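Participant: sharing a model prediction with you, sequence too.
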Amino acid sequence: FLYGTALASSRSFSGIRNTFSSRALRVASRTHSGAHRHYHQSSSSGLSCAPATRSNSKLAPLRASLRNHRVFSSGSGSVVPTVDKTYVEQLSKNIQQGKTNEILVDVREAQELEMGYIPGAVNIPLSEFVDALDKDDQYWRGRYGLPKIQEDDKVVVYCKSGMRSHQAAAYAAAKGYNNWSNYQGSYIDWFGTAY
């Protein structure tokens, strides 16, 4: 699994795109389009929401890769609003019932989705996140199953523990997307366990 390494301050993210391009991070070309699903279906009709144990050997290479690499850093001093589990529970229900335009984004990598997900979330892996914000509406509809997120859209982002989602929200804010919040506890808080 490839990851780019780019460090940037909260004032300048221009080096991120170049690093991602030079490392040829193209998860999309190595995964079929079905790997990224918009999770409006119930957990029984899609991927399992059952949390996995730490001994799951399928994710061992991913865990090792995540420990040794950083996709990008938002720099110090980035302030990202946070939401808690109660907020995300209500958001998930509202999304599934079509009662909100707010978007729930899961920035975990495709392999992590088999460990469970929050219903109503759309998966935009952090490894393709930087490029995705610069893509057009047609790309978003084909790749993620929703219109491109606009600068004024309200978005909650999560990952496994809240660290990658914080990076994504901080990067989005630097690009002018100012209505993003981080679900600080993320997967671990939602399921009550890690994988």
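Facilitator: It's in.
Participant: can you classify residue 151 as helix, strand or coil?
Facilitator: coil (DSSP: H, G, I helix; E, B strand; the rest coil).
Participant: could you check how far it is from residue 187?
Facilitator: For residue 151, the distance to residue 187 (CB to CB, to the nearest Å) stands at 27 Å. Yep, even glycine has a C-beta here, placed from its N, CA and C like the rest.
Participant: neighbour count: the two, which is higher?
Facilitator: Ranked by neighbour count (other CB atoms under 10 Å), residue 151 and residue 187 place residue 187 first, with 25 against 11.
Participant: please, which helix or strand holds that one?
Facilitator: Counting by DSSP states H and E, the element that carries residue 187 is helix 186-191.
Participant: what number of residues lie near residue 195?
Facilitator: Count around residue 195 with other CB under 10 Å applied: 20.
Participant: is it true that residue 145 touches residue 121?
Facilitator: No: using CB atoms under 8 Å, residue 145 makes no contact with residue 121, being 11.4 Å away.
Participant: which residues are common contacts for those two?
Facilitator: Counting by CB atoms under 8 Å, 6 or more residues apart in numbering, residue 145 and residue 121 have no common neighbour.
Participant: so for these two, which sits in the more crowded spot?
Facilitator: residue 121 (26 against 15).
Participant: got a list of what the more buried one touches?
Facilitator: Taking CB under 8 Å, 6+ apart, one finds 39, 92, 104, 105, 106, 158 in contact with residue 121.
Participant: looking at neighbours, which among those residues is most surrounded?
Facilitator: Ranked by the number of neighbours (other CB under 10 Å), the contacts of residue 121 place residue 158 first, at 31 neighbours.
Participant: can you give me phi and psi for that one?
Facilitator: phi -140, psi 170 (degrees, to the nearest 10).
Participant: with residue 122 instead?
Facilitator: Dihedral pair for residue 122: phi -110, psi 140, per degrees, to the nearest 10.
Participant: from residue 103, how far off is it?
Facilitator: Residue 122 is 7 Å from residue 103, where distance means CB to CB.
Participant: now do the shared contacts for the two.
Facilitator: Shared contacts of residue 122 and residue 103, counting by CB under 8 Å, 6+ apart, come down to residue 146.
Participant: and the strands in this protein, which stretches?
Facilitator: For the chain, the strands defined by DSSP state E occupy 82-83, 103-106, 122-123, 155-158, 180-183.
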